[in-house]
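1. Next input, structure requested:
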Amino acid sequence: MAELENENDDIDARGLLELAKLFVAFDRISVRCKSHVGITAAADLTDTEARLSSLCFSMGDHVSARTADYHITREWMRTILWQEALSMGLLSSSAYTSVTTFGFPAQVGRDLLQELRRFCETDLLPLGRDQVSGPPMQKFMR
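-> A predicted model of the protein is given here:
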């Protein structure tokens, strides 16, 4: 019994470390603290988005609320980066990087739905009862 508890504690600790990696990557941008404008700001946003996108959950075989939380948090951070690009006036229909395009939020939404397809309602329930109940969410979970 004690081994099972230690294994669950270990899984939770590893899950928290994975989330911490996201926040470390996201914290490097510190957009609001920098006085950079133009190319440097766009490069910082692009670099941070690439870091976030390249991180993968090393516990990929472990499907749980922690895993779902990781994916939701990563896509939330990517959306914040796009909002920063929007507020800085960096969006363009001919942008060379996806985070500065108008279609980026749709890409983030597709990425999130693709990841969440693996989860059942009970995995997502701890993350927000109102967000996962009812027929609209059930059609995405199949």
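
2. Residue 21: what's it in contact with?
-> residue 55 (C-beta atoms under 8 Å, 6 or more residues apart in numbering). C-betas here are computed from N, CA, C, even on glycine.

3. count of neighbours near the residue lying closest to residue 99 once chain neighbours are set aside?
-> Of all residues not flanking residue 99 in the chain, residue 49 sits nearest, at 4.3 Å (C-beta to C-beta, 6 or more residues apart in numbering). Residue 49 has 24 neighbours, counted by other C-beta atoms under 10 Å.

4. right, and the helix or strand after the helix or strand hosting residue 49?
-> Assigned by DSSP states H and E, residue 49 belongs to helix 39-54. Counting by DSSP H and E, the next helix or strand C-terminal to helix 39-54 is helix 65-87.

5. okay, the next helix or strand after that following helix in PDB with CA atoms only?
-> Reading on from helix 65-87 to the C-terminus, the next helix or strand found by DSSP H and E is helix 104-116. Taking C-alpha atoms only, helix 104-116 is exported to PDB below (Å, rounded to 0.1, in the frame of the first residue of the first chain):
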ATOM      1  CA  PHE A 104      -3.200  31.700 -34.600                       C
ATOM      2  CA  PRO A 105      -6.100  31.400 -32.100                       C
ATOM      3  CA  ALA A 106      -7.800  28.900 -34.300                       C
ATOM      4  CA  GLN A 107      -4.600  26.900 -34.500                       C
ATOM      5  CA  VAL A 108      -4.300  26.900 -30.700                       C
ATOM      6  CA  GLY A 109      -7.900  25.800 -30.400                       C
ATOM      7  CA  ARG A 110      -7.300  22.900 -32.900                       C
ATOM      8  CA  ASP A 111      -4.100  21.900 -31.000                       C
ATOM      9  CA  LEU A 112      -5.900  21.900 -27.700                       C
ATOM     10  CA  LEU A 113      -8.900  19.800 -29.000                       C
ATOM     11  CA  GLN A 114      -6.500  17.400 -30.600                       C
ATOM     12  CA  GLU A 115      -4.800  16.800 -27.200                       C
ATOM     13  CA  LEU A 116      -8.000  16.700 -25.200                       C
END
